[in-house]
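Chemist: need the 3D shape of this:
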Amino acid sequence: MVSMSIQRQNSESSFEGFMVQAIDKMSGRYVGRFLDADGLYLLDECSAVMQNDNKSKTNIQLAWVAPLNQRGDVMFRGTIIEKKTKYYEGLISRLESPLQ
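Modeler: Sure thing, here's the model as predicted:
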């Protein structure tokens, strides 16, 4: 299992929404699954997770589980919505193999 968080560097500001997707770096296929938790909406068909409300957030904790046969690197692609007219897309974080 991989734990990750989304948080603002400035604790006085917040964000309204997010979406994170797990993608196999070599094949481009969606891999693994996110674990359910309060405030999350899971999109299992595309290995993604997003908020289930538009309340202000300063920190979100996520947990992702790799498939048993995963051998390559995984990319986590994200979008953060600060407010309706201000968002950041194409954010990338990488998890290099081997997964443990």
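Chemist: and N10, how many neighbours?
Modeler: Neighbour count of N10, defined by other CB atoms under 10 Å: 8. To be clear about C-beta, it is placed using only N, CA and C from the backbone, and glycine gets the same treatment.
Chemist: same question for F76.
Modeler: F76 has 20 neighbours, counted by other CB under 10 Å.
Chemist: identify the residues contacting it.
Modeler: Counting by CB atoms under 8 Å, 6 or more residues apart in numbering, F76 makes contact with 4, 20-23, 64, 92-95.
Chemist: likewise for M4?
Modeler: 20, 61-64, 76, 93.
Chemist: show me the beta-bridge partners of it.
Modeler: Legend: beta-bridge partners of M4 under DSSP bridges are L62.
Chemist: where's it relative to T85, distance?
Modeler: 27 Å (CB to CB, to the nearest Å).
Chemist: could you do V20 as well?
Modeler: From V20 over to T85 the distance is 21 Å, taken as CB to CB.
Chemist: okay, those two: which has more neighbours?
Modeler: Using other CB under 10 Å, the more surrounded residue of V20 and T85 is V20, with 21 against 6.
Chemist: wait, isn't the more buried one in contact with M75?
Modeler: No: if you go by CB atoms under 8 Å, V20 and M75 don't touch, sitting 10.5 Å apart.
Chemist: which strand residues bridge the residue nearest the centre of the chain?
Modeler: The centre of the chain sits closest to V20, judged by CA atoms, centre = their mean, with a distance of 2.7 Å. Note on V20: beta-bridge partners by DSSP bridges are V49, G78.
Chemist: much appreciated, bye for now.
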